[in-house]
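K.L.:
Sequence plus predicted model, see below.
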Amino acid sequence: MSRANFLTGVERTFNEGEVIVTKTDLKGRITYANDIFQRASAVTEKDALGQPHNFIRHPDMPRSIFKLMWETIASGQELFAYVVNRALNGDHYWVYAHVTPSFNDAGEIVGYHSNRREPDRQIIETEVKPLYAKLREAEAQAGNPKKALAAGSDQIASFLADKGVAYDEFICTLGQGQRRGCR
């Protein structure tokens, strides 16, 4: 699916009770997308199925957070994260995501499942945006993509070490996690 890399600056929202749901195969290609995902992302089901999930990646989203996500879910663990996505028309929308591996009867990972809810705006503004800005800055200063990913990963590791928590603990301490399923 080709499209220009443009942004409108328009934020899309969805209702607090709505849940965006997608499922992917092991390579991150979408195998299921509910109607709320389609509406938020400005895509049809036909357009979404088979696409790599990162086709909705917003340029303000640090790549190091996605690296952390993939490492976590590929190891069989779940992850909670705040994510900004880009709709097909250039709009954007924030979500509070819960991403989990899907297992077959033999206990093997066969894909991934993600539920996303409307995030707490105060947490986005006071905690997430400043952190993501620092991660993007570290990634931008590194030069090439491989070094950028390492720089962002080092930055998030340092941030978490300073707080004395793991990533999932940090997310859950932000308040929304306790209301939305974090342990």
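P.N.:
Nice, thanks for sending it over. Just so it is clear, the model here is predicted, and its values are computed rather than measured.
K.L.:
how about the residue nearest in space to the middle of the chain, secondary structure?
P.N.:
Most central in the chain under C-alpha atoms, centre = their mean is residue 83, positioned 4.0 Å from the mean C-alpha point. Three states are possible here, and by DSSP: H, G, I helix; E, B strand; the rest coil the one that applies to residue 83 is strand.
K.L.:
For it, which residues are in contact?
P.N.:
Taking C-beta atoms under 8 Å, 6 or more residues apart in numbering, we find residue 83 in contact with 61, 65, 94-95, 97, 116. C-betas here are computed from N, CA, C, even on glycine.
K.L.:
which intervals of this protein have sub-threshold pLDDT?
P.N.:
Filtered on pLDDT under 70, the chain yields the residue ranges 1-5, 175-183.
K.L.:
pull the longest helix from it.
P.N.:
Counting residues, the longest helix in the chain under DSSP state H turns out to be helix 145-163.
K.L.:
any idea whether the residue lying farthest from the centre of the chain is helix, strand or coil?
P.N.:
Distance from the C-alpha centroid of the chain peaks at residue 106, with 27.8 Å (C-alpha atoms, centre = their mean). In the three-state summary, residue 106 is assigned as coil, counting by three-state DSSP.
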